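A.B. asks: pasting a predicted model and its sequence here:
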Amino acid sequence: MTTHYLVLSALLFAIGGVGVLLRRNAIVVFMCVELMLNACNLAFVTFARQHGNLDGQLIAFFVMVVAAAEVVIGLAIIVMIFRTRRSASVDNANLLKY
Amino acid sequence: MQSPAEIVSHAGGVTGVSWLMIALPLFGAAVLLLGGRRTNAWGHFFGVAMSLGAFAVAVVTFVELLGLQPEQRRRDIGLFEFIPGMVDLGMLIDPLSISFALLITGVGSLIHIYSVGYMSHDRDRRRFFAYLNLFVAAMLLLVLSDNYIGLFIGWEGVGLASYLLIGFWQHKPSAATAAQKAFIVNRVGDFGLLIGIFTIWTTFGSLAFADLTHEVAGQASEGTLTAIGLLLLLGACGKSAQLPLQSWLLDAMEGPTPVSALIHAATMVTAGVYLVVRSGAFFEAAPTAQLVVTIVGVATLLAGAIIGCAKDDIKKGLAGSTMSQIGYMMLGAGLGPAGYAFAIGHLITHGFFKANMFLGAGSVMHAMNDEVDMRRYGALFPVMKITAVTFIVGYLAIIGFPLLSGYYTKEGIIETAMHHNQILGWLAVLGAGLTGFYMSRMVFMTFFGKKRWADDAHPHESPAVMTWPLIILAIGSIGLGAFLVLGNRFMNFLSPAVGLPQPADMPEPHVFGVGTAALATLALVAAGAAFAWFRYGAAEVPAVAPRASFLTTFARRDLYGDALNEALLMRPGQWLTRIAVFFDNRGVDGLVNGLAAGIGGTSGRLRRVQTGFVRSYALSILFGAAAVVGALLYVGNI
């Protein structure tokens, strides 16, 4: 009965993962990360329903809080990078290496 | 056969404070070394006074010992517990040790006095006297200790003093090298002595002479006793410059002449003979070890004599002669109680006449601007009569001229050896003949013949402070032998310490007082002296050594002893170190450096993974997560 939800969650997670790996624009990568987080949330909520308790829903709230914090920090970084380098491509920000 | 007397403990009297004998010269050395330049003005007198003080204590102790019954004459004076429960350090005053103590302090004091004159131009005279005092203290500790540990401490002490004094003129590379050579060769002997002492400890559980009696020694197996004997003999060979550890003594002549006289002729080099006689309990129970002692003695007495025949350096000639005479003593010491008295007697008379001749040689060198080459001497008799006459007295004593010191003691050794074993006896006779040749050669080349002096040489007699010791030593060289040997006086005196021989071991007294061995010896000595006169007295002696036959070159090069050591020990040792260095550089260093280089190279390649592209990191995280999930699924616990 909950299988469809889990399949949807897996699909969303896969789409998000592929987006993170393939897209260059930092904003889009960011959105894909959010997509993956929300796919997880969907899975948590589905499992909470399946088991008949609230643990999964609780975790989903935590994930949302973490995601919000991450967005704040992440967007700030992206904006700073864009200001200095005139580009939001993740491939251009490769100075921190060997 | 009479065994040595039991050692009784002793307190009180002068004998009770005989530790002063060691303490006085030790104190002298400490004051002179610690006092530094402040003691320069009076240091030499202080050193002489300390040595004379030790001599006075020795004489008084000796007199007190004579006042006791013979079987009471082994007194043990406990001083302190050295290693608790194992070694109590103390002094053993018995006829053997007091004979040595008298020789060391007596001849030592004369040489101290002589050195005041001989070293008067040396800037470091105070340091010289400090080392001489140190030597006297260590040598007395060696002979007076009542156990092997004390003996070993003294043994190392004299080695140190010998090293310091050979290298006294350390600004000369040859002297510095000779000092190191003496020290290193002695290490080999000391190694043997130490292992020997360890073996005694594990076998008998004690190192005190009082516990190691003939009865106790007889309980061990003969194999153990032979091993102990051979190890002690190795130590004796090192200290006494016997084959095969003889090579250091000739080089040791680089030291100042009084040192050669005191340490490398009269006292220290005879320590090996003392060790063998003192350890008689082991040697007498191990005939094989005794046989080896006699063989070493005979081989060395011949080798030393042959070397002495070819040396043009007067001190090296005398050094060869010292080796040879100590060979006689070793031979005597290897013959058991029958030979002990003659060995020690010869040691004492040799201490006198050899010190006499070394000091005489020093007097000649002093007069000839430190020239040592006898080819540059000649006709010195008229200009330095006292030196010449005393030297000739010593010369007559050493070749065994009848009625002089050396005659009695050396003849005693030869007769006893002949009685023990004909081959040993005849080889000893041959050695005596060689002695007659090389000593005569030395006297003729130095004091007679034509002048072959360097142009700037103005020889003159030495000052009184140097000639008086010569005169006193010469008197000892004349009379001491007869005093000791006639009527078996010395043998009876020593018997509480070393025991008396069985009558069968003693050569029979001769009807006319001289036996065939003595006659043969005298004939050979006379022939040797005549040949020397023919070659070096009557004939011209070239001032530069001519090219010589193979045999002479063989003797001049010390029987190729150094070459042998070089080929057998030094070169293999160098190869070994070279192999070790190669192994270290290529093997150990290679391993360590290779490991470091490998890690460095790998990490250098590995860090290329950090590309800086965030998407590649994300990919690796994905793969990592997938791998973890896959592993968990595979394990199946999820």
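C.D. replies: Perfect, thanks for sending it.

A.B. asks: which parts of the longest helix anywhere in chain A are buried?
C.D. replies: Secondary structure of chain A read by DSSP state H shows that its longest helix is helix A:55-85. Of the residues in helix A:55-85, those buried by neighbour count under the rule 16 or more other Cβ atoms under 10 Å in any protein chain shown are A:Gly56, A:Ile59, A:Ala60, A:Ala67, A:Gly74, A:Ile78, A:Ile81. Every C-beta, even on glycine, is put in place using the N, C-alpha and C of the backbone.

A.B. asks: pretty sure the fifth one contacts A:Phe30?
C.D. replies: Yes - taking contact to mean Cβ atoms under 8 Å, the distance of 5.8 Å between A:Gly74 and A:Phe30 places them in contact.

A.B. asks: so what's the residue count around residue 9?
C.D. replies: If you meant another chain, say so; for now it's chain A. Using other Cβ atoms under 10 Å in any protein chain shown as the criterion, A:Ser9 is surrounded by 21 other residues.

A.B. asks: that's the wrong chain, I meant chain B
C.D. replies: Counted with other Cβ under 10 Å, residues neighbouring B:Ser9 total 11.

A.B. asks: hmm, B:Trp19 and B:Met91 touching each other?
C.D. replies: Yes - counting by Cβ under 8 Å, B:Trp19 is a contact partner of B:Met91 at 6.1 Å.

A.B. asks: who touches both of these two?
C.D. replies: Shared contacts of B:Met91 and B:Trp19, defined by Cβ atoms under 8 Å, 6 or more residues apart in numbering or on different chains, comprise B:Ile77, B:Leu79.

A.B. asks: who has more neighbours out of those two?
C.D. replies: Neighbour count, other Cβ under 10 Å: between B:Met91 and B:Trp19, B:Met91 has more, with 26 against 16.

A.B. asks: which pLDDT value goes with that one?
C.D. replies: According to the prediction, B:Met91 has pLDDT 87.

A.B. asks: just B:Asp146 next, same as before
C.D. replies: 87.

A.B. asks: element containing whichever residue of chain A sits closest to chain B?
C.D. replies: When distances are taken as Cβ to the nearest Cβ, chain A approaches chain B most closely through A:Lys97, which lies 3.0 Å from it. Take DSSP states H and E as the rule and A:Lys97 turns out to sit in neither a helix nor a strand.

A.B. asks: am I right that it is in contact with B:Gly612?
C.D. replies: Yes - with contacts counted by Cβ under 8 Å, A:Lys97 reaches B:Gly612, the gap being 3.0 Å.

A.B. asks: who's in contact with the closest residue to chain A within the stretch 251-400 of chain B?
C.D. replies: Of the residues in the stretch 251-400 of chain B, the one nearest chain A is B:Asp251, at a distance of 66.3 Å by Cβ to the nearest Cβ. By Cβ under 8 Å, 6+ apart, the contact list for B:Asp251 reads B:Ile166, B:Ser174, B:Thr177, B:Ala178, B:Lys181, B:Ala182.

A.B. asks: most neighbours among these, which one is it?
C.D. replies: Neighbour counts for these, by other Cβ under 10 Å, peak at B:Ile166, which reaches 29 neighbours.

A.B. asks: so who does the nearest residue to A:Leu35 once chain neighbours are set aside touch?
C.D. replies: Once flanking residues are discounted, A:Leu35 sits nearest to A:Gly16: 3.6 Å by Cβ to Cβ, 6 or more residues apart in numbering or on different chains. Under the criterion of Cβ under 8 Å, 6+ apart, the contact list for A:Gly16 reads A:Cys32, A:Val33, A:Glu34, A:Leu35, A:Met36, A:Leu37, A:Ala39.

A.B. asks: now neighbour count, pLDDT and secondary structure too, for these, in TSV please.
C.D. replies: Converted to TSV, the contacts of A:Gly16 look like this (neighbours: other Cβ atoms under 10 Å in any protein chain shown; pLDDT from 0 to 100; DSSP: H, G, I helix; E, B strand; the rest coil):
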residue	neighbour count	pLDDT	secondary structure
A:Cys32	19	93	helix
A:Val33	19	92	helix
A:Glu34	15	93	helix
A:Leu35	18	94	helix
A:Met36	19	94	helix
A:Leu37	20	94	helix
A:Ala39	20	95	helix
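
A.B. asks: quick check: buried residues in the one helix or strand B:Trp155 maps to?
C.D. replies: Under the criterion DSSP H and E, the helix or strand holding B:Trp155 is helix B:148-166. Of the residues in helix B:148-166, those with enough neighbours to count as buried (16+ other Cβ under 10 Å) are B:148-152, B:154-159, B:161-166.

A.B. asks: can you show me the CA trace of that helix as PDB?
C.D. replies: Presented in PDB, the C-alpha positions along helix B:148-166 are these (Å, rounded to 0.1, in the frame of the first residue of the first chain):
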ATOM      1  CA  TYR B 148      91.500 -11.500  41.700                       C
ATOM      2  CA  ILE B 149      89.200  -8.500  41.600                       C
ATOM      3  CA  GLY B 150      91.700  -6.300  43.300                       C
ATOM      4  CA  LEU B 151      94.400  -7.800  41.100                       C
ATOM      5  CA  PHE B 152      92.300  -7.000  38.000                       C
ATOM      6  CA  ILE B 153      91.800  -3.300  39.100                       C
ATOM      7  CA  GLY B 154      95.500  -2.900  39.600                       C
ATOM      8  CA  TRP B 155      96.100  -4.700  36.300                       C
ATOM      9  CA  GLU B 156      93.900  -2.200  34.500                       C
ATOM     10  CA  GLY B 157      95.500   0.700  36.500                       C
ATOM     11  CA  VAL B 158      99.000  -0.200  35.300                       C
ATOM     12  CA  GLY B 159      97.700  -0.500  31.800                       C
ATOM     13  CA  LEU B 160      96.300   3.000  32.000                       C
ATOM     14  CA  ALA B 161      99.500   4.400  33.500                       C
ATOM     15  CA  SER B 162     101.500   2.600  30.800                       C
ATOM     16  CA  TYR B 163      99.300   4.100  28.100                       C
ATOM     17  CA  LEU B 164      99.600   7.600  29.600                       C
ATOM     18  CA  LEU B 165     103.400   7.300  29.900                       C
ATOM     19  CA  ILE B 166     104.100   5.700  26.500                       C
END
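
A.B. asks: and the helix or strand harbouring B:Leu622, what does it pack against?
C.D. replies: With elements taken from DSSP H and E, the one containing B:Leu622 is helix B:614-635. With contacts defined as 3 or more Cβ pairs under 8 Å, 6 or more residues apart in numbering or on different chains; DSSP states H and E, helix B:614-635 has these neighbours: helix A:3-22.

A.B. asks: in the helix it packs on, which residues are buried?
C.D. replies: Across helix A:3-22, burial judged by 16+ other Cβ under 10 Å covers A:Tyr5, A:Ser9, A:Leu12, A:Phe13, A:Gly16, A:Gly17, A:Gly19, A:Val20.

A.B. asks: now swap in stretch B:438-450 and tell me
C.D. replies: The neighbour-count criterion (16+ other Cβ under 10 Å) identifies B:Tyr438, B:Met439, B:Ser440, B:Arg441, B:Met442, B:Val443, B:Phe444, B:Met445, B:Thr446, B:Phe447, B:Phe448, B:Gly449 as the buried residues of stretch B:438-450.

A.B. asks: measure B:Thr446 to chain A for me?
C.D. replies: Taking Cβ to the nearest Cβ, to the nearest Å as the criterion, B:Thr446 is separated from chain A by 87 Å.

A.B. asks: re the thing from before, need the buried residues of helix A:55-85 in JSON lines (columns: pLDDT and distance to B:Leu380).
C.D. replies: Rendered in JSON lines, the data for the buried residues of helix A:55-85 read as follows (pLDDT from 0 to 100; distance: Cβ to Cβ, whole Å):
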{"residue": "A:Gly56", "pLDDT": "92", "distance to B:Leu380": "122"}
{"residue": "A:Ile59", "pLDDT": "93", "distance to B:Leu380": "118"}
{"residue": "A:Ala60", "pLDDT": "94", "distance to B:Leu380": "122"}
{"residue": "A:Ala67", "pLDDT": "93", "distance to B:Leu380": "116"}
{"residue": "A:Gly74", "pLDDT": "92", "distance to B:Leu380": "111"}
{"residue": "A:Ile78", "pLDDT": "91", "distance to B:Leu380": "111"}
{"residue": "A:Ile81", "pLDDT": "89", "distance to B:Leu380": "106"}
